[in-house]
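> Just a sequence and a predicted model for now, questions to come.
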Amino acid sequence: PFKRLYALQGILINALPHVAALNPRAHRLAKQTPIDIAKRQKKVLDGALLWRFVSLDLRDQTKLCLALGTTVEAVLRAMLEIDHSISLH
């Protein structure tokens, strides 16, 4: 599910408006050197951004999923799987 959600996250970053025009990808990383950020940037899922997908209407969800080559059901299943694995810890 990580690859699917990471791809969705990339699309959401470009498709949704952001608070105060802050880039969520840069915002979620702590202050580090540019080299450290480049190494970690591709390994983080932004849960707050991904859960915004659920609040979109079905037509918008479907359009985003078509861009990924997947279905809304597959994305929601992946989100629930990640959510469930996190809640077990």
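Great, that's in hand. Numbers count the residues shown, from 1 in each chain.
> The helix with the most length in the chain - contacts with which helices or strands?
The longest helix of the chain (DSSP state H) is helix 72-87. Counting contacts by 3 or more Cβ pairs under 8 Å, 6 or more residues apart in numbering; DSSP states H and E, helix 72-87 is packed against helix 2-15, helix 47-55, helix 58-68. In this view, the C-beta of every residue, glycine as well, is placed from N, C-alpha and C.
> How far away from the center of its chain is it?
Put simply, helix 72-87 sits 12 Å off its chain's centre (Cα atoms, centre = their mean, to the nearest Å).
> any idea of the angle it forms with helix 2-15?
Here helix 72-87 runs at an angle of 110 degrees relative to helix 2-15 (axes from the mean of the first three to the mean of the last three Cα atoms, to 10 degrees).
> Okay, now the unreliable bits of this structure?
Within the chain, the segments meeting pLDDT under 70 span 18-42, 89.
> quick one on the thing from earlier: could you dump the helices and strands packed on helix 72-87 to TSV with mean neighbour count?
As requested, the helices and strands packed on helix 72-87 are arranged in TSV below (neighbours: other Cβ atoms under 10 Å):
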stretch	mean neighbour count
helix 2-15	15
helix 47-55	14
helix 58-68	14
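> can you tell which of these is closest to residue 76?
With Cβ to Cβ as the measure, helix 47-55 is the member of the helices and strands packed on helix 72-87 nearest residue 76 (7.5 Å).
> Other residues contacting that closest one?
Under the contact criterion Cβ atoms under 8 Å, 6 or more residues apart in numbering, helix 47-55 has outside partners 5, 8, 9, 12, 13, 16, 24, 61, 64, 75, 76, 79.
> tell me the contacts of the second one?
With contacts defined as Cβ under 8 Å, 6+ apart, residue 8 is in contact with 50, 53, 64, 65, 68, 75.
> And the residue nearest to the third one when sequence neighbours are not counted, how far from residue 58?
It refers to residue 64. Among residues not flanking residue 64 along the chain, residue 11 sits closest, at 5.5 Å (Cβ to Cβ, 6 or more residues apart in numbering). According to Cβ to Cβ, to the nearest Å, residue 11 and residue 58 sit 16 Å apart.
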